[in-house]
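1. With the sequence up front, the predicted model follows.
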Amino acid sequence: MADPTNGTRIAYLTGHYPAVSHTFILREVEALRALGAEVSTYAIRKPSADHLRGPAEVAAAQNTFYVLAAAKKIAPLLRAQLRLFRQPKLYLATLWLALQMRAPGLRALIYQLIYFAEATIIADDLERKKITHLHNHFADVSANVAVLAAKLAGTKFSFTLHGPAELYAPERWKIGTKIHHADFVACISHFARSQAMYFSDPADWPKLKIIHCGVIPGLYDQPKSQDSDRTHFVYVGRLTAIKGVRILLEAFEKARTTAPNLHLTIVGDGDDRAALETLAKPFKDQITFAGYQSQDDVAATLASADAFVLPSFAEGLPVVLMEALAAKVPVICTQVAGVSELVEDGVNGYIVPPGDVDSLASRMVNLAAEPAARRAMGTSGRAKVVAEFDINVEAARLARLFDGDLSGPPRPEPLAKDGQA
């Protein structure tokens, strides 16, 4: 199969890979490989066993270069510093860039020196594998390492801008500096691109492209298995404060006074789980905590869902919403960041103000009472995902950028396998 990226050898770097909450990165890598691209994966640290929920995740972990694991052997770390003698100007110039990118304070300085050391290890491996383009997901810690590693290795550099975390502290993460050093930036939404424009030099705006995270629509095209005696709501995500699950529990309690036959399945784990389970005890078997699930298990859970709910206080453009809509499940979500670029209020779901218990409860009652509306919204939602959030099409758009074609519009056309549009 021809390589649409014209022989570009691509490396992907993230903080940890694979991760159960970042399956979209695994899908993107697999989609690029399916197009014929050569992609190597790197991560700063190994994921725990909880993140290896399926064969794809296990295989990815076995074939990923882990930086901290390499550094613990000492020899690779010391060998990487020999670059100081081979390329002293480049080594010192990159070290100076690292220092310029640091946040204020001694602690930040120490960490930035650690990031530089990690970058030297990655750069050595990039050169050994003849990698020509290093791409990083997210613009925070791993991007600090990536921009330095790419400079040391003489490779092209790009990153995917998600939010919300990086956008909370753009100065700390030097978003503008990273955009300036990047060959391109894949922004997951128009909203993310607008924030990148705000924090960067207008001369760098042509680099800002819109590449959606995506799903495999066929994975979620499963026979529906809803229980006619109850309305089954599903939440999928981390169990942490920013996701607003406590608001969901309050809304669930309020909604069931009007619609008593509700059930809620909470898929995921996190530091708030124990407290949430305690809060959910009065609901007994009406709420199920399912823990982490593999991609296939999430698809099966969604096949049993009547509606999906995501009450987050902040998001980028949630992939779990794409998964639910691909499964023909209407969604209730909050008006944050780029969510309205996916969810059309009253068309494929409902959008409510973040933190508003009454609005969330009201929409849960609406969907519980209107099975015909649920079906219509689900059909509309799947059509939206198939048209705009298919990972294979998004990977082909990304392939055009890896091929070096940055001259087109912010939303690039997919690159075919023969290298033509």
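-> Happy to help now that I have it.
2. Spell out which residues sit in contact with residue 348, please.
-> Contacts for residue 348 (Cβ atoms under 8 Å, 6 or more residues apart in numbering) come out as 325, 330, 331, 377, 378, 380, 381, 384. All C-beta spots, glycine's among them, are computed from the backbone N, C-alpha and C.
3. how far away is the last one from residue 338?
-> Same thing as residue 384. According to Cβ to Cβ, to the nearest Å, residue 384 stands 14 Å off from residue 338.
4. More neighbours: these two, which one.
-> residue 338 (24 against 20; other Cβ atoms under 10 Å).
5. any idea how far the more buried one is from residue 324?
-> Remark: distance between residue 338 and residue 324 (Cβ to Cβ) = 16 Å.
6. low-confidence ranges in the stretch 201-350 of the chain?
-> 226 (pLDDT under 70).
7. Show me the helices in it, by range?
-> 245-255, 273-280, 295-303, 319-326 (DSSP state H, counting those that start in this stretch).
8. which secondary structure elements does the last one contact?
-> Think helix 319-326. strand 231-236, helix 295-303, strand 307-310, strand 331-334, helix 371-388 (3 or more Cβ pairs under 8 Å, 6 or more residues apart in numbering; DSSP states H and E).
9. just the third one next, same as before
-> Helices and strands touching helix 295-303, by 3+ Cβ pairs under 8 Å, 6+ apart, are strand 231-236, strand 262-267, helix 319-326.
10. Go ahead and name everything in contact with the last one.
-> Identification of contacts with helix 319-326 by Cβ under 8 Å, 6+ apart yields 23-24, 213-215, 217, 219-221, 234, 236-237, 298-299, 302, 305, 308, 310, 330-331, 333, 339, 342-343, 348-349, 378, 381-382, 384-386, 389.
11. Output that helix as CSV - backbone C-alpha positions only.
-> Taking C-alpha atoms only, helix 319-326 is exported to CSV below (Å, rounded to 0.1, in the frame of the first residue of the first chain):
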residue,chain,number,x,y,z
VAL,A,319,-15.0,12.0,21.9
VAL,A,320,-17.5,10.2,24.2
LEU,A,321,-20.3,12.4,22.7
MET,A,322,-19.2,11.2,19.2
GLU,A,323,-19.4,7.6,20.4
ALA,A,324,-22.8,8.0,21.8
LEU,A,325,-24.2,9.8,18.7
ALA,A,326,-22.6,7.1,16.5
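12. ok now stretch 399-411, how far from the chain's centre?
-> When C-alpha coordinates are averaged (Cα atoms, centre = their mean, to the nearest Å), stretch 399-411 and its chain have centres 21 Å apart.
13. in that stretch, what counts as buried?
-> 399, 400, 401, 402, 403, 405 (16 or more other Cβ atoms under 10 Å).
14. Without its sequence neighbours, what residue ends up closest to the third one?
-> It refers to residue 401. Closest residue in space to residue 401, ignoring its immediate chain neighbours: residue 184 at 5.0 Å, by Cβ to Cβ, 6 or more residues apart in numbering.
15. Give me the pLDDT for that neighbour.
-> pLDDT recorded at residue 184 is 98.
16. isn't it right up against residue 405?
-> No. Taking contacts as Cβ atoms under 8 Å, residue 184 lies outside contact range of residue 405: 9.9 Å.
17. Backbone dihedrals for residue 13, please?
-> Backbone torsions of residue 13, given as degrees, to the nearest 10, read phi -120, psi 140.
18. which residues in the stretch 51-200 of the chain form helices?
-> 55-62, 67-71, 75-80, 83-86, 88-100, 106-128, 141-153, 165-168, 175-181, 190-198.
19. closest one to residue 394 among those?
-> Closest approach to residue 394 among the helices of the stretch 51-200 of the chain (Cβ to Cβ): helix 190-198, 14.1 Å.
20. Send me that closest one as PDB with only the CA atoms.
-> Output in PDB follows, covering the C-alpha atoms of helix 190-198 (Å, rounded to 0.1, in the frame of the first residue of the first chain):
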ATOM      1  CA  HIS A 190     -13.100  25.900  15.600                       C
ATOM      2  CA  PHE A 191     -13.100  26.900  19.300                       C
ATOM      3  CA  ALA A 192      -9.700  25.500  19.900                       C
ATOM      4  CA  ARG A 193      -8.400  27.200  16.800                       C
ATOM      5  CA  SER A 194      -9.800  30.500  17.900                       C
ATOM      6  CA  GLN A 195      -8.000  30.200  21.300                       C
ATOM      7  CA  ALA A 196      -4.700  29.300  19.500                       C
ATOM      8  CA  MET A 197      -5.200  32.500  17.400                       C
ATOM      9  CA  TYR A 198      -5.600  34.500  20.500                       C
END
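21. Who are the contact partners of the most centrally placed residue in the chain?
-> Most central in the chain under Cα atoms, centre = their mean is residue 22, positioned 5.1 Å from the mean C-alpha point. By Cβ under 8 Å, 6+ apart, residue 22 lies in contact with 14, 137.
22. and the gap between it and residue 51?
-> From residue 22 over to residue 51 (counting by Cβ to Cβ), the distance is 9 Å.
23. Only alpha carbons, please: show stretch 104-111 as PDB.
-> Taking C-alpha atoms only, stretch 104-111 is exported to PDB below (Å, rounded to 0.1, in the frame of the first residue of the first chain):
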ATOM      1  CA  PRO A 104       8.300  30.900  36.900                       C
ATOM      2  CA  GLY A 105       9.900  29.400  40.000                       C
ATOM      3  CA  LEU A 106      12.700  27.000  40.900                       C
ATOM      4  CA  ARG A 107      10.500  23.900  40.700                       C
ATOM      5  CA  ALA A 108       9.500  24.800  37.200                       C
ATOM      6  CA  LEU A 109      13.100  25.300  36.300                       C
ATOM      7  CA  ILE A 110      14.100  21.800  37.600                       C
ATOM      8  CA  TYR A 111      11.200  20.200  35.700                       C
END
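24. Check the offset of that stretch from the chain's centre.
-> With Cα atoms, centre = their mean, you get 27 Å for stretch 104-111.
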